[in-house]
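Chemist: here is a sequence together with a model predicted from it:
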Amino acid sequence: MNRVLRSIGPAIIVAAVVLGPGSILTSSKVGANIGLLALPFVALASVLMIAMVALSAQVGVSLAKSPCEELACRLGRWASVTIGVVLFIIAAFFQSSNNLSVIGGLEALTASGGPGFSFPLSVVIMVVGNAVLIAILYLMRGLYGKVETIMKALVGVMMLAFVINFIAVMLLPKGAPTKQPASVDILPLLALMGTTYVTAGAFYQAYLVREKNWGIDDVQRSRIDSIVSITLLGGMTMLILISSWRVFYGTDQAGQLGSIADVARQLEPIFGSWARVIFSLGILAGAMSSFLVNSMIGGTVLADGLGKGNRLADRWPIHGTALALVVGMGIAILSKIDGGSTVHLITLAQALTVVGAPALAIAIVYLATRPEVKASRVWVTLGIIGIVVSLVLSALTVRKISAKFAGMELKRGGVVAVAGGLRD
């Protein structure tokens, strides 16, 4: 057991950033509307994530250069630039949902009803929070060790919050559905798989083991780290999904989860105000754990892809991280101006990130199959399966999102036509 605990490190950071507010919220929405049928998809995504993180870790400890530098040397600079830009865009989408989720978690924690924070107050919170993080980036030394310690603490808070919530929910008698659940919407399910099997997080594992100064002798330790940490990720996702199914499935509330605060407040009539507080603390811990590390992923890999450094002690990865924070905040503010549903925006943002997943999965498996890495056939086979799943998820996601946007445009056109008729 001591050996296992000592091995947990880099992958717990990956788990912390993956189990962010988008994953927590999407799990709640899927549990409420799809139910236990989603559990096999979470299990599959977790197994594939373990394999990808383990392969990435072996790449990090085995190859002489960083992943993007290896790609540049073997395939050309275009390959590393493509990976860096793709991962930065993915990080920006995740970061927008992190900003919105911090606001939603604070709204649910500080009030039991009402419209939530005003737009100016939301903007002030986001600007101040991001400014503080940017200041920490430029002023703090020895960033990796501090980030790992903080991530372990935040993952502990999330585990405690959602285990307590799960136990309370399971003690409640499950009544018969009051209404027939609507037809399954596959987009939230795709988003859930995309927020559990996150190749962007897996790709960054190669950088984290290098920050940890692990070498070729630490391959077994990195595998233990990957298996334990990502199993915790999948387990917590399942707990959240089952809890939401137990409370909301087949009820009117299942289709009314329009914000993070809504999810927390719906628990209050059943369990009291403490349930709202505990769930909100879990959301906030998820947002905080994902907030900085997600930006570090985008900024570090972008800098590495451009050949500008790959360590947190280097200047350009810090610049890239700050840029990711600013871009993510900007997207979140624009969404607040639009006034759309936070849940729908987060679900869409998480689903869109699936589109870039195949490129990252291919890059991991390509590097893992180099002769000097010596990855086992089992892990490589799972990695290839992961590539196939990424491609399928991307194709289904693009198709589903295109249909949704087409429906929105059609609806908008109908409204304009009606308005024109009224004017005439």
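Modeler: Arrived safely.

Chemist: CA atoms for contacts and neighbours, from now on please.
Modeler: Noted.

Chemist: what residues does residue 17 make contact with?
Modeler: Contacts for residue 17 (C-alpha atoms under 8 Å, 6 or more residues apart in numbering) come out as 201, 286, 289, 290, 291, 293, 294.

Chemist: go through stretch 66-86 and flag the buried ones.
Modeler: Across stretch 66-86, burial judged by 16 or more other C-alpha atoms under 10 Å covers 66-72, 77, 79-86.

Chemist: what is the most widely separated pair among the contacts of residue 17?
Modeler: Spatially, the most separated pair among those is 201 and 286, at 14.9 Å (C-alpha to C-alpha).

Chemist: sorry, back to before: restricted to strands, list the buried residues of stretch 66-86.
Modeler: Under the assignment DSSP state E, the buried residues of stretch 66-86 contribute nothing to strands.

Chemist: from those residues, which single one is nearest residue 371?
Modeler: residue 70 (13.2 Å).

Chemist: contacting residues for the closest one?
Modeler: Taking C-alpha under 8 Å, 6+ apart, one finds 63, 367 in contact with residue 70.

Chemist: quick one: it and residue 188, what's the gap?
Modeler: 35 Å (C-alpha to C-alpha, to the nearest Å).

Chemist: just to revisit the earlier point, and the contacts of residue 17 as JSON lines, adding secondary structure and distance to residue 103?
Modeler: Formatted as JSON lines, the contacts of residue 17 follow (DSSP: H, G, I helix; E, B strand; the rest coil; distance: C-alpha to C-alpha, whole Å):
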{"residue": "201", "secondary structure": "helix", "distance to residue 103": "24"}
{"residue": "286", "secondary structure": "helix", "distance to residue 103": "13"}
{"residue": "289", "secondary structure": "helix", "distance to residue 103": "15"}
{"residue": "290", "secondary structure": "helix", "distance to residue 103": "14"}
{"residue": "291", "secondary structure": "helix", "distance to residue 103": "13"}
{"residue": "293", "secondary structure": "helix", "distance to residue 103": "18"}
{"residue": "294", "secondary structure": "helix", "distance to residue 103": "17"}
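
Chemist: list just the nearest of those to residue 356.
Modeler: Nearest member of the contacts of residue 17 to residue 356, counting by C-alpha to C-alpha, is residue 201, at 12.2 Å.

Chemist: now do the contacts for the closest one.
Modeler: 14, 17, 18, 53, 297.

Chemist: now do 6 Å
Modeler: Contact partners of residue 201, counting by C-alpha atoms under 6 Å, 6 or more residues apart in numbering, are residue 14.

Chemist: flag the shaky bits of the stretch 251-400 of the chain, pLDDT-wise.
Modeler: 253-273, 275-276, 338-355 (pLDDT under 70).

Chemist: how about a cut-off of 80?
Modeler: 251-284, 286-288, 335-356, 396-400 (pLDDT under 80).

Chemist: now for the host helix or strand of residue 168, which elements pack on it?
Modeler: Assessed by DSSP states H and E, residue 168 sits inside helix 143-170. Counting contacts by 3 or more C-alpha pairs under 6 Å, 6 or more residues apart in numbering; DSSP states H and E, helix 143-170 is packed against helix 273-305.

Chemist: quick one: buried residues of the very next helix or strand once past the helix it packs on?
Modeler: Remark: after helix 273-305, the chain's next helix or strand is helix 315-338, criterion DSSP H and E. Residues of helix 315-338 classed as buried: 316-333, 335-336 (neighbour count, 16+ other C-alpha under 10 Å).

Chemist: how about low-confidence regions in the stretch 101-250 of the chain?
Modeler: Using pLDDT under 80, the stretch 101-250 of the chain drops low at 101, 104-117, 141-142, 171-191, 250.

Chemist: make it 90
Modeler: Under the criterion pLDDT under 90, the flagged ranges of the stretch 101-250 of the chain are 101-122, 133, 136-196, 198, 200, 212-213, 215-222, 233, 240, 243-250.

Chemist: right, and residue 54 touches residue 223 too?
Modeler: Yes - assessed by C-alpha atoms under 6 Å, residue 54 is found in contact with residue 223 at 5.4 Å.

Chemist: residues near residue 25, how many?
Modeler: 26 (other C-alpha atoms under 10 Å).

Chemist: tell me the pLDDT of it.
Modeler: The per-residue pLDDT reported for residue 25 equals 78.

Chemist: give me the distance from the helix or strand hosting it to the chain's centre.
Modeler: In this structure, residue 25 is located in helix 21-33 according to DSSP H and E. The chain centroid and the centroid of helix 21-33 are separated by 12 Å, computed with C-alpha atoms, centre = their mean, to the nearest Å.

Chemist: so what touches that helix?
Modeler: 101, 192, 195, 241, 244, 245, 248, 249, 254, 283, 286, 287.

Chemist: what do you get for stretch 48-61?
Modeler: 197, 202-203, 205-206, 215-216, 223, 226-227, 230, 364, 368, 379, 383, 386.

Chemist: could you do stretch 277-288 as well?
Modeler: Contacts of stretch 277-288 (C-alpha under 6 Å, 6+ apart): 20, 21, 98, 102, 105, 109, 154, 158, 161.

Chemist: apart from its neighbours in sequence, what residue is nearest residue 227?
Modeler: Closest residue to residue 227 apart from its sequence neighbours, by C-alpha to C-alpha, 6 or more residues apart in numbering: residue 50 at 5.7 Å.

Chemist: return the per-residue confidence for that neighbour.
Modeler: 96.

Chemist: any idea how far it lies from residue 229?
Modeler: For residue 50, the distance to residue 229 - C-alpha to C-alpha - is 9 Å.

Chemist: of these two, which one has the most company?
Modeler: More neighbours surround residue 50 than the other of residue 50 and residue 229, with 28 against 25 (other C-alpha under 10 Å).

Chemist: secondary structure element for the more buried one?
Modeler: Assigned by DSSP H and E, residue 50 falls in helix 39-62.

Chemist: quick one: that helix to chain centroid distance?
Modeler: Counting by C-alpha atoms, centre = their mean, helix 39-62 comes out at 15 Å from the chain centroid.

Chemist: mind pulling up the phi and psi values for residue 371?
Modeler: phi -60, psi -40 (degrees, to the nearest 10).

Chemist: so residue 218: helix, strand or coil?
Modeler: helix (DSSP: H, G, I helix; E, B strand; the rest coil).

Chemist: any idea how far residue 207 is from it?
Modeler: From residue 218 to residue 207 the distance is 14 Å (C-alpha to C-alpha).

Chemist: repeat that for residue 311.
Modeler: In terms of C-alpha to C-alpha, residue 311 sits 8 Å off from residue 207.

Chemist: who has more neighbours, these two?
Modeler: With neighbours defined as other C-alpha under 10 Å, residue 311 and residue 207 compare such that residue 207 has more, 25 against 20.
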